[in-house]
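In: okay, here's the prediction I keep looking at, along with the sequence it came from:
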Amino acid sequence: MKFKNIRFWASLALVVILTCSFVMAGKAITIKGSDTLLMLGQRWAELYMQKNPGVVIQVTGGGSGVGIAALINGSTDICQASRSMKDSEKKKLRERYFNMGTEIPVAKDGVTIYVNEKNPVDELTLDQIRDIYTGKTTNWSQLGGSDAKIIVYGRENSSGTYVFFRESAMKNADYTSSMQSLPGTAAVVNAVAKDKFGIGYGGAAYAKGVKEVAIKTAKGSFRPTAETVKSGQYPLARDLYWYLRGKPSGEIKKMVAWVLSPEGQEVVKKVGYFTVK
Amino acid sequence: MSLKKRRFKYLGESLIEGNIKITATFAIVVVFLIFLFIMRESLPIFFNSEVQQEITFGQFFNGIAWQPVSDNPRFSLWPIILGSLKVTLIALFLAVPVAISAALYSSEFAGRRLKEFIKPAVELLAGIPSVVLGFFALIVMASFLKNIFGWEIRLNAVNAGIALGFAVIPSIYSLAEDAINAVPRSFREAALGLGASPWQTALKVVLPAALPGVSAAVLFGMGRAVGETMVVLMAAGNAPLFSFNPLNSTRTMTATIAAELGEVVFGSGHYHALFFIGLVLFLVTFAINMTSWVLFDGLMSKLYGAKK
C-alpha cells in the first residue's frame, strides 16, 4: 500500500514538473529532424543560447523524414534534413501553407563508408559498394580482403541518409534484405567498430574508431575531406539543409544568419562536417 | 452504529463502487476505440482503389520480401511474422523455465524473509525500461556473445530473444506465483500426509494443480513478448530476412512499425500497410491474452468450485 502511495506522488510530481517546463518554455524555437545533423544542431543551439540569453532552443532528432513531417504538421519551427525535400513533401507544404518553404544549405557532408580498423580493404569503387549493398558481393575476398562474409549495416528507411545513399551510391537499386538496419549513425559506427567484417555508411563527423574507405573513381581515389567534398570530387558529397515553413523572420532569421556566419560555420568544422562556402 | 452513520458508510461505498465501474467502462471503451481507429486506418487496403494501386491485401502474403521503400515496393508480411515468432519463442525458451522455477521456489520452499526479498526484486526487474535492456543488448551483450560463440552476425534473433526474455520474466513470474499460491493448503497437507517429500508435493501435486494458471502465465508472457518493441528494434539487427536460422538478423512486426511510421507519407499505401501490421498484432495479442485469462479463470473455478 505504502509503495503504491509513493508511486502515485512520484507520478504526480513528474506531471507537475513536465507541465511547468512546457509552460516556461513557451517561446522556444524547436529544431527537429535528421540524426546526422543532430550533433551539429545541438552545438549551434548551445552556443547561440549562450550568446543570446533569453532565447530557448530545443533540438531533437528522429530522422529527416520525421523532421519534414513535423514541419508540415507545424510541430517544429526548423527542420534539419540530410536530404532535399521530395516533390510529394513540397506539395503538401504548399497545400497547407501556400508557400514553398525555405531551403537553406547549412553544411556539407560526405557520406562515408566505414569498415573495421582491422580490415585490410582500403578503397572501393562505387560499383563495388553498390554490389555489396545489393547483396551481389558477399565475401571480403572478392574485394581483396580476408575470406569472410561481409556483414552489411545500414540505416532504417526513415533516415535521410538511407534515401541519399540509395539514390546516389546504388542508383536506386534495393538494399539487400540481409542488411541490418540500425537506429542512428552512432549505432552503425559502433557496430562496425566491433564487427571485424562489418561495413556501414553515415555522416563524416561520426567516423571515430572505424576506418574511412576511400572511394575510387576515374579521376583517382578520394576520402571525404573539406577539399574533395567542396569540389565535388568525392562522389557521395551532399548538402545538409535547414527547412523553414515560410520566409525566415524574427529570432529565426537572426539565428539562420548566425549559423551561416563564419562563427556558425566554425562550429560545422569542429563537429566534423564541411562549411557551405 | 447509529442509522445516520450507517447511511453515510453506505453512501461512501456506493461512491467507490461507482467510481470503479466508471473507470472500468472507460478502459473498455478506450481499448475499443483504439481497435476501431486501427481498423479504420488499415481498411483502405481493402476498399480504397487509389491505395490498392500501391498495395493490396494479397500482397501481404505474396512473396517473402518486405521492401516498402523501393522503386518496386514489396509488402510481404511473412518475414516479419516469422521474425516476431522466432524472437518470441527464443525469449520464452529462456524465460519460462527461469520464471516458473523461481515462482515454484518462492512460493513452496523459500522462507518468509527470502520470499519478501524475491518478490520485490523480480518486480524491480520489471521496472527496467525496455530501452535500457535493448541498449545493453545492442552495445554490450551482442559483442560478448559473439566473442564467446563466434557468431558471424552480432545482432541476431538469439541476442534479441535473450534480452526480451529478461523483459518477460517478471510478468510470467508474478502470474505463475499467484497461480501456485492459489492452490489450496489442503492439497499440500494431503500430499505430505501421505508421505510425499516437499519436492514431490511441489512437482507432482502443486504444479499440476496450478497448471492452467501457469500456462496462462506463459501465454501472458508470450503476449508481452510479441508486443515488445524497443528491445527487438535495437538488438535484433532489423533485417527483414525470411529465414528460420536463429543466428540471422531478424525484424519483428513491432520493430517495423516503430522504425517506419515516422517516415511514411500520410495516407500512402505504406502508411496503411503499417496500420495493417498493427491490426494483426492487436488481434494476436488480444487472442493470446484472452486465452490466458480464460485459462486462469478456469484454474480458479477448478480449485475453488464453479463460482468465486
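Out: Alright, I've got the coordinates.

In: ok but A:Ile113 is inside a helix, no?
Out: No - when the secondary structure is assigned by DSSP: H, G, I helix; E, B strand; the rest coil, A:Ile113 falls in strand instead of a helix.

In: bridge partners for it, pull those for me.
Out: A:Tyr201 (DSSP bridges).

In: need phi/psi at the nearest residue to A:Val111 once chain neighbours are set aside.
Out: Nearest non-adjacent residue to A:Val111, counting by CB to CB, 6 or more residues apart in numbering or on different chains: A:Leu236, 4.1 Å away. All C-beta spots, glycine's among them, are computed from the backbone N, C-alpha and C. In terms of degrees, to the nearest 10, the main-chain angles of A:Leu236 are phi -110, psi 30.

In: how is A:Asp109 assigned, secondary-structure-wise?
Out: In three-state terms, and counting by three-state DSSP, A:Asp109 is strand.

In: surely it and A:Arg83 touch.
Out: No - assessed by CB atoms under 8 Å, A:Asp109 is found out of contact with A:Arg83, at 10.8 Å.

In: residue ranges with poor pLDDT in chain B?
Out: B:1-8, B:263, B:305-308 (pLDDT under 70).

In: which positions in it make contact with chain A?
Out: With the criterion set to CB under 8 Å from any CB of the partner chain, chain B comes near chain A through B:65-72, B:79, B:138-139, B:142-143, B:146, B:152-155, B:233-234, B:237-242, B:248-249, B:259-260, B:262-266.

In: how near is the residue nearest to A:Val111 to chain B?
Out: Applying CB to the nearest CB, to the nearest Å, one obtains 19 Å for the distance of A:Leu236 from chain B.

In: middle-most residue in the chain, spatially?
Out: Just so you know, I chose chain A. Among the residues of chain A, the smallest C-alpha distance to the mean C-alpha position (CA atoms, centre = their mean) belongs to A:Thr36, namely 1.7 Å.

In: chain B, not that one
Out: The centre of chain B sits closest to B:Arg224, judged by CA atoms, centre = their mean, with a distance of 1.2 Å.

In: okay, and that residue sits in which element?
Out: helix B:211-227 (DSSP states H and E).

In: name the residues that touch that helix?
Out: Contacts of helix B:211-227 with the rest of the structure, by CB atoms under 8 Å, 6 or more residues apart in numbering or on different chains, involve B:84, B:87-88, B:91-92, B:95-96, B:99-100, B:103, B:164, B:167-169, B:171-173, B:175-176, B:178-180, B:182, B:207, B:253-254, B:281, B:284-285, B:288-289, B:291-293, B:295-296, B:298-300, B:302.

In: returning to that earlier point: helices - which of the residues of chain B next to chain A land there?
Out: In helices, judged by DSSP state H, the following of these are found: B:79, B:142-143, B:146, B:233-234, B:259-260.

In: make TSV out of those residues and add distance to A:Gly198 and neighbour count.
Out: Listed next are these as TSV, based on distance: CB to CB, whole Å; neighbours: other CB atoms under 10 Å in any protein chain shown:
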residue	distance to A:Gly198	neighbour count
B:Pro79	22	23
B:Ala142	12	28
B:Ser143	12	17
B:Lys146	11	19
B:Leu233	19	26
B:Met234	17	29
B:Ala259	20	23
B:Glu260	23	22
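
In: many thanks, have a good one.
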